[in-house]
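Asks: Sequence and computational prediction follow.
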Amino acid sequence: MTPRRFERPPTTQETVLDELRRRIRTGELKPGAPIRQNTLADDLGVSRFPLREGLRVLEGEGQVVYERHRGYSVAQLDVDDLVEIFRIRLLLETAAVQSAMDHVTPDLLNRLSAALKDLEQRRAEGDIPGAAEANWRLLSTLYGASGRPRLTRLIRILWDAADPYRWLYFNEPSLQRVAEKQYREILVAVEHRDADRVVELLQEHRDHVVATVRAVLGRTDAVSAVDHEALDVTTASEANVDGKV
């Protein structure tokens, strides 16, 4: 009899961190928006300790920022920041793809196809968190075939760092249709073990993301200015309540 595999349940901090990521990824917590720790802790049904620890993790990733006397807020979007993230990802993902081509199997191709099918279905349903999760599952399956787990973990850190931008391009149907077409082409290239083509298609996808985010941000500049004005009138009492401990 095969022994039951023990699965450690997620901690409260991990659960809170996942929820914070989800809210940032979907735009529920919008760029520049203040994070009211007391209100958010009550909403999540947790104490402020796991929430504060989750915010510190996101601060280290650049997804939220802390200002003295004002507390935490979601980081403002900056196309140059996204470009920097993607440039580093290009280096790491190229190495992962090159290594993965030596380990292409029918099982790998089946798992990539299943992830892409899930991505397409969730996008069609408007399930942004689900689509993002399926998107990462597709990519991590490919990079994981490299047999270099540290490399895959580094890529995941950069993937998470782009969460504040993700709600923008997951809400752009035209980008998603192009991305899904590129992923289908990537699967064909993987089947033929064509690392150069896979890298080229991944870069085309990143370029399209940057162009889309740049265009969306251009349409939302006026809204961002209003958000800044709202932040400027944050009361001292709120800032003290939500201050860093």
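Replies: Now that the structure is in, tell me what you want to look at.
Asks: first to last residue in stretch 98-116, what's the distance?
Replies: Using C-alpha to C-alpha, to the nearest Å, the span of stretch 98-116 from its first residue to its last is 21 Å.
Asks: So in this protein, which helix runs the longest?
Replies: helix 195-219 (DSSP state H).
Asks: helices or strands up against that one?
Replies: Secondary-structure packing of helix 195-219 (3 or more C-beta pairs under 8 Å, 6 or more residues apart in numbering; DSSP states H and E): helix 79-100, helix 163-170, helix 173-191. (Glycine included, C-beta is placed from N, CA and C.)
Asks: give me the number of residues near Glu84?
Replies: Each residue near Glu84 was counted by other C-beta atoms under 10 Å, and the total is 13.
Asks: Look up the pLDDT of it for me, please.
Replies: According to the predicted model, the pLDDT of Glu84 comes to 93.
Asks: Gly243 now?
Replies: According to the prediction, Gly243 has pLDDT 47.
Asks: Check Pro9 too.
Replies: The predicted local distance difference test score for Pro9 is 54.
Asks: Next one: the residue most central in space within the chain from Ser99, what distance?
Replies: Averaging the C-alpha coordinates of the chain gives a centre point, and the residue nearest to it by C-alpha atoms, centre = their mean is Asp163 (3.3 Å). The span separating Asp163 from Ser99 equals 26 Å under the rule C-beta to C-beta, to the nearest Å.
Asks: number of nearby residues for Leu51?
Replies: Should you count by other C-beta under 10 Å, Leu51 turns out to have 24 residues around it.
Asks: I meant Pro149, not that one.
Replies: A total of 10 residues lie near Pro149 under the criterion other C-beta under 10 Å.
Asks: thought Arg70 was touching Ile35?
Replies: No. With contact taken as C-beta atoms under 8 Å, Arg70 and Ile35 are classed as non-touching, separated by 10.3 Å.
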